[in-house]
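Novice: fold the following, please.
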Amino acid sequence: MFVDIHNHIIPYVDDGSENIATSLEMLKIASDEGIGKIIATPHFIYGAINNCTQNIAQSGAEVANAALEKGIELMFGSEVFICPEICSLVQDGTVCRLNNSRYILIELPMLSIPTYTIDMLFNLQLLGYIPIIAHPERNKVFQNNQAQLFKLVERGILVQVNATSITKLYGKDVQKVAMGFLEGGLVHFVATDSHTNRGRSPRMLKSHDIISSEFGKDVANNLFTKNGQAVIDDVEIFVEAPVKKKKNFFVGLFSF
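Specialist: Next comes the predicted model:
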């Protein structure tokens with residue numbers, strides 16, 4: 001049974017599911033793919049998309065009930081776009097932590113890493129939270145410099161890669177970056193980041209097969225099931241030290 005910690009299945013709240021019919025189709029796909037637990041993570045962008053904890057629970061109630069009928073447990077969280085206010089937003093309960101655990105899913109800009117990022121993540125850790133960086137394989141800086149992600153993982157920051165990155169939905173180059181992160185021990189979760197019942201749908205089987213073939217079944221089990229369950233249970237995840245590469249083979253791979 002797979003655990004999906006990053007999913008935009010709640011309708012009407014962000015750029016994810018457009019209506020309840022789409023959400024129901026997404027649930028069917030998830031069930032067929034062997035996904036048994038989903039954390040719905042609507043976007044939270046301070047000052048723009050303020051999906052607070054209470055609103056997410058209310059908006060997601062209908063989908064959660066429908067999920068149970070398909071044998072899927074649906075829980076709530078948010079994908080928080082990093083901002084200087086993030087610590088206070090988490091502390092006062094505005095931001096929805098993953099299943100009300102110490103784990104927080106954090107999104108960075110696609111083209112940059114804000115200068116305050118490391119300090120902000122460290123401050124969250126000092127408060128007892130565990131940040132998870134969403135899909136860094138799609139970020140320009142990480143794409144061209146794996147060492148930047150290595151620094152964060154060394155500090156105890158966790159990393160989630162999209163299943164669709166593994167299966168080349170974003171192209172061969174993004175897949176190569178994601179596989180490089182996996183090779184370096186820089187990935188702790190694979191999740192769907194699904195937004196629809198079409199291209200970005202909640203599928204995990206194909207990516208699971210690829211990772212099982214390349215890195216072994218134990219690694220795949222950690223990434224697709226065990227670590228996600230640890231988030232749900234709010235227990236600490238044992239993380240092996242990442243492997244530092246002798247040279248950065250991502251530099252120059254992309255031209256923006």
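Novice: in the stretch 151-256 of the chain, which spans are strands?
Specialist: Ranges of strands in the stretch 151-256 of the chain, per DSSP state E, counting those that start in this stretch, are 158-162, 189-191.
Novice: nearest to Asp4, of those strands?
Specialist: For Asp4, the closest of those is strand 189-191, at 5.2 Å, according to C-beta to C-beta. For every residue, glycine as well, the C-beta is placed using N, CA and C.
Novice: rewinding a little: and of the strands of the stretch 151-256 of the chain, who's closest to Gly199?
Specialist: Short answer: strand 158-162, nearest of those by C-beta to C-beta, at 11.9 Å.
Novice: what's Cys96 in contact with, if anything?
Specialist: Phe44, Asn51, Cys52, Thr53, Ile56, Ala57, Phe76, Gly77, Ser78 (C-beta atoms under 8 Å, 6 or more residues apart in numbering).
Novice: tell me which of the strands of the stretch 151-256 of the chain sits most buried.
Specialist: Highest mean neighbour count among the strands of the stretch 151-256 of the chain (mean count of other C-beta atoms under 10 Å): strand 189-191, with a mean of 29.
Novice: what's the mean pLDDT across it?
Specialist: Average pLDDT, strand 189-191: 98.
Novice: what does stretch 42-53 give?
Specialist: 96.
Novice: contacts for it?
Specialist: 8, 10, 13-16, 56, 59, 76, 78-81, 83, 85-86, 89, 93-96, 107.
Novice: list the buried residues of it.
Specialist: Neighbour counts using 16 or more other C-beta atoms under 10 Å place Pro42, His43, Phe44, Tyr46, Asn51, Cys52, Thr53 of stretch 42-53 among the buried residues.
Novice: ok so, going back, show the buried residues in the contacts of stretch 42-53.
Specialist: Buried, going by 16+ other C-beta under 10 Å: 8, 10, 13-14, 16, 56, 59, 76, 78-81, 83, 86, 89, 94-96, 107, out of the contacts of stretch 42-53.
Novice: okay, the contacts of Cys96 in a markdown table with secondary structure next?
Specialist: Compiled in a markdown table, the contacts of Cys96 are given as follows (DSSP: H, G, I helix; E, B strand; the rest coil):
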| residue | secondary structure |
| --- | --- |
| Phe44 | strand |
| Asn51 | coil |
| Cys52 | coil |
| Thr53 | helix |
| Ile56 | helix |
| Ala57 | helix |
| Phe76 | strand |
| Gly77 | coil |
| Ser78 | coil |
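Novice: pick out the most distant pair among those residues.
Specialist: Greatest spatial distance in those: Phe44 and Ala57, 13.6 Å, computed using C-beta to C-beta.
Novice: where in the stretch 151-256 of the chain is pLDDT low?
Specialist: When residues are selected by pLDDT under 70, those of the stretch 151-256 of the chain lie in 245-256.
Novice: now do the helices in it.
Specialist: For the stretch 151-256 of the chain, helices defined by DSSP state H, counting those that start in this stretch occupy the ranges 163-166, 172-183, 205-215, 217-221, 227-233.
Novice: tell me which of the ones you listed is the most buried.
Specialist: It is helix 163-166: most buried of those by mean count of other C-beta under 10 Å, with a mean of 26.
Novice: if we can go back for a sec, out of the contacts of Cys96, who's nearest Asp209?
Specialist: Nearest member of the contacts of Cys96 to Asp209, counting by C-beta to C-beta, is Gly77, at 26.6 Å.
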